[in-house]
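> need a structure here:
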Amino acid sequence: MTDHLTIVDHPLVQHKLSIMRNKETSTASFRQLLREISHLLAYEVTRELPMTDVRIETPLMAMDAPMIEGKKLALVSILRAGNGLLDGILELIPAARVGFIGLYRDEETLQPVEYYNKLPANLGDRVTIVVDPMLATGNSSAAAIDMVKAAGAKDIRFLCLLAAPEGVARMKEAHPDVPVVTAALDEKLNEKGYIVPGLGDAGDRMFGTK
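This is a model prediction of the structure:
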């Protein structure tokens, strides 16, 4: 993946995202849609995985069959909202190793504060996909990728549901080597750092909290 930003404009992605944006959509429906849309986004973020040929026997003959090369992928969820994307991707890649980074945003400074960090081993040998539904200011995402790089990861992709131009710019500045895959690039951030038009707080809508 070479372009810094990829917008997945597949009709199914856009349709499901529009339902998720609707404030009348229930918590249960929001959660299910996030799981479904994560499958579709995962296809894009894993499009250029390294491949190799492995000799297998079909019922009819032997053949050299393409398989994903190298160690199992690593998925890193930025808590807590990242878990909504993580669950769906794990259905497609059940053998992936999973890490968690806990960050919350200081409401005054909008800067990330770390409270949890548990990452898989051997990240330098794995493709690492960091997931968080919202790329808003980009501060938390950039900080999470700092932590993933400090743990040795080299081939990193970032997957989100929605992005703001400010967040994309921040990520490109901090981590120009990390491609961003998203379902939509929204208009802007508001004065509170929320994506507009957005869909509200993804964690609150996923878990039914305020």
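
> Give the buried residues for the longest helix anywhere in the chain.
If you go by DSSP state H, the chain has its longest helix at helix 27-45. Going by neighbour count (16 or more other CB atoms under 10 Å), the buried part of helix 27-45 is F30, R31, L33, L34, R35, I37, S38, L40, L41, A42, E44, V45. Yep, even glycine has a C-beta here, placed from its N, CA and C like the rest.

> so for that helix, what's the average pLDDT?
Helix 27-45 shows a mean pLDDT of 93.

> Starting from the helix or strand just after it, tell me which strands it pairs with and how they run.
Of the helices and strands lying after helix 27-45 in sequence (DSSP states H and E), the nearest is strand 51-57. Strands that pair with strand 51-57, judged by DSSP bridges, come out as strand 62-68 (antiparallel).

> Name the residues of the next helix or strand after the strand it pairs with that are buried.
Counting by DSSP H and E, the element after strand 62-68 in chain order, helix or strand, is strand 74-79. Residues A74, L75, V76, S77, I78, L79 are the ones in strand 74-79 that count as buried (16+ other CB under 10 Å).

> what do you get for stretch 84-95?
G84, L85, L86, G88, I89, L90, I93.

> Which ones among the residues you listed lie within helices?
G84, L85, L86, G88, I89, L90.

> Next, S141: phi, psi?
As for S141, its main-chain torsions (degrees, to the nearest 10) stand at phi -60, psi -40.

> Just the local confidence number for it, please.
pLDDT, S141: 93.

> name the helices or strands packed onto the helix or strand of the chain with the lowest mean pLDDT?
Within the chain, confidence by mean pLDDT, DSSP states H and E is lowest for helix 202-207 among all helices and strands, at a mean of 87. When contacts are defined as 3 or more CB pairs under 8 Å, 6 or more residues apart in numbering; DSSP states H and E, helix 202-207 packs onto helix 27-45.

> which intervals of the protein have sub-threshold pLDDT?
Of all residues in the chain, those with pLDDT under 70 make up the ranges 1-2, 210.

> Which member of the buried residues of strand 74-79 is positioned nearest V8?
L75 (17.6 Å; CB to CB).

> That closest one is in contact with L92, isn't it?
No: L75 is not in contact with L92 according to CB atoms under 8 Å; the separation is 10.4 Å.
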